[in-house]
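**Student:** Below are the sequence and a predicted model; questions follow.
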Amino acid sequence: MTTPIRILIADDHPIVGDSLSIMLDTVEGFEIAGIVTNGWQVLQRLETERVDVVLTDLHMPVLNGIDLSLKIQEQHPDVRVIILTMSEEAHSIREALQAGAYGYVMKSAERPELIQAIRTVAKGERFFSPKIVMILAQLPNPDNPTGKADIADNLPLTKREIEVIRLIAQGLSNADIAETLNIAAVTVKTHRQNLMKKVGVGTAIGLMRWALKHKLLDEEV
């Protein structure tokens, strides 16, 4: 029997916490570890219970989502944090990344997206709502302020590589992309690696920046 993904929900609005619990508790393979209303309560629960994923609001009393992510990264590095929020502010998104959050999902997201986010981060992969990926992709890159690729801009991509870029922009994991394109997950991983080498970047966000620059995401994906 597969071990369920245990989820701890942190939100200072009880109605939100209860609603999330009811929605996620019906998903196969999920188990709700509890509902708390601030970050310190999260840390207390992590000392005594097995938790795989912490689903936390960004703005909470006592300890907010960013500070909580930092504490969890330091004290419980195997626990994955997903920030669930209404905030689309670029600095909040960047702080969440720097704090070690594995996911950043809008509260306006549909149920399938949240389920996908939880399953993705539980496997040790990162997940960001497609809208968040686009915001990050348009931010200046401090490691590459000129925005220029390390290779010639006219390097051609294959049709398959463009399909993979567009699916990455939708926030799909390697496994989901593989299923969509009817190819093996290891093949998707290879495509990602080859794409990053071709355009001279080291992250999915860098890849999105490059794709935006070259208008590969202008068409509906």
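**Tutor:** Cool, the structure landed. Values in this document were obtained by computation on a predicted structure and should not be read as measured data.
**Student:** which residues make contact with stretch 66-77 from outside it?
**Tutor:** Applying CB atoms under 8 Å, 6 or more residues apart in numbering, the set of residues contacting stretch 66-77 from outside is 10, 39, 42-43, 46, 51, 54, 56, 58, 60, 63, 79, 81, 83, 92, 95-96, 99-101. Bear in mind the C-beta positions are built from the backbone N, C-alpha and C, glycine included.
**Student:** Show me the residues you listed that map onto strands.
**Tutor:** Members of these lying in strands (criterion: DSSP state E): 10, 54, 56, 81, 83.
**Student:** following the lowest-mean-pLDDT helix or strand in the chain, which helix or strand shows up next?
**Tutor:** Within the chain, no helix or strand scores below helix 130-137, which has a mean of 74 by mean pLDDT, DSSP states H and E. Heading C-terminal from helix 130-137, the first helix or strand you meet, by DSSP states H and E, is helix 159-169.
**Student:** Could you tell me the angle between the helix or strand that that next one is followed by and helix 159-169?
**Tutor:** Following helix 159-169 in sequence order, the next helix or strand is helix 174-181 (DSSP H and E). Helix 174-181 and helix 159-169 meet at an angle of 130 degrees, taking axes from the mean of the first three to the mean of the last three CA atoms, to 10 degrees as the criterion.
**Student:** Report the mean confidence score over helix 174-181.
**Tutor:** Mean pLDDT, helix 174-181: 88.
**Student:** Take the contacts of stretch 66-77 and keep only those in helices.
**Tutor:** 39, 42-43, 46, 92, 95-96 (DSSP state H).
**Student:** can you list those in a markdown table and add pLDDT?
**Tutor:** Formatted as a markdown table, these follow (pLDDT from 0 to 100):
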| residue | pLDDT |
| --- | --- |
| Gly39 | 92 |
| Val42 | 96 |
| Leu43 | 95 |
| Leu46 | 96 |
| Ser92 | 82 |
| Glu95 | 83 |
| Ala96 | 83 |
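**Student:** hmm, which two among those are most spread apart?
**Tutor:** Pairwise distances across the ones in helices among the contacts of stretch 66-77 (CB to CB) peak at 23.1 Å, for the pair Leu46 and Ser92.
**Student:** got a list of what Met86 touches?
**Tutor:** With CB under 8 Å, 6+ apart, Met86 has these contacts: 106-108.
**Student:** isn't Asp25 right up against Ile32?
**Tutor:** Yes. Assessed by CB atoms under 8 Å, Asp25 is found in contact with Ile32 at 5.0 Å.
**Student:** Now do the contacts for Lys131.
**Tutor:** Lys131 touches 88, 106, counting by CB under 8 Å, 6+ apart.
**Student:** Sounds good, over and out.
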